[in-house]
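> Need a 3D model of the sequence below.
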Amino acid sequence: MSKAKATKQTAIDRNEAPEKCLSESVRRSMQSYFDDLDGHEASELYSLFMQEVEKPFFEVVMQHTNGNISHAAEMLGMNRVTLRNRLKKYGLN
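You can find the predicted model right below:
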């Protein structure tokens, strides 16, 4: 007996813009965060969001580019020096 390999359906397969999927993922995560607060007040939310999101964001981009900073900077639309500084900030250099 052979098992059919399950394939992961992408946003493009579903005729959705990848940007919309990212936006919806962020929306669901933020809603879940507020639900978990259970009525408690959030503070310094922007700073918290950037700390929680930026490091894994750069980790994934650097993995995708096999550590190529020039390619990653081009993909991100940022200067290589700026990217190096952000990577250093998060200990990803």
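
> Would you tell me what helix or strand the most centrally placed residue in the chain is located in?
The centre of the chain sits closest to Phe57, judged by CA atoms, centre = their mean, with a distance of 3.8 Å. Applying DSSP states H and E as the criterion places Phe57 in helix 45-64.

> what residue ranges in this structure are flagged as low confidence?
For the chain, the stretches flagged by pLDDT under 70 are 1-19.

> Now do the helices in it.
In the chain, the segments counted as helices under DSSP state H are 18-37, 45-64, 69-76, 80-89.

> if we can go back for a sec, does anything pack onto the helix holding Phe57? Which helices or strands?
Identification of packing neighbours for helix 45-64 by 3 or more CB pairs under 8 Å, 6 or more residues apart in numbering; DSSP states H and E yields helix 69-76, helix 80-89. Glycine gets a C-beta too; all of them are placed from N, C-alpha and C.

> List the contacts of the shortest one.
Around helix 69-76, the neighbours that count as contacts under CB atoms under 8 Å, 6 or more residues apart in numbering are Val61, Met62, His64, Thr65, Asn79, Arg80, Thr82, Leu83, Arg84, Leu87.

> one more time with 7 Å
Val61, Met62, Thr65, Asn79, Arg80, Leu83, Arg84 (CB atoms under 7 Å, 6 or more residues apart in numbering).

> related to what we said a few turns ago, between the helices and strands packed on helix 45-64, which gets nearest to Glu41?
Nearest of the helices and strands packed on helix 45-64 to Glu41, taken as CB to CB: helix 80-89 at 27.7 Å.
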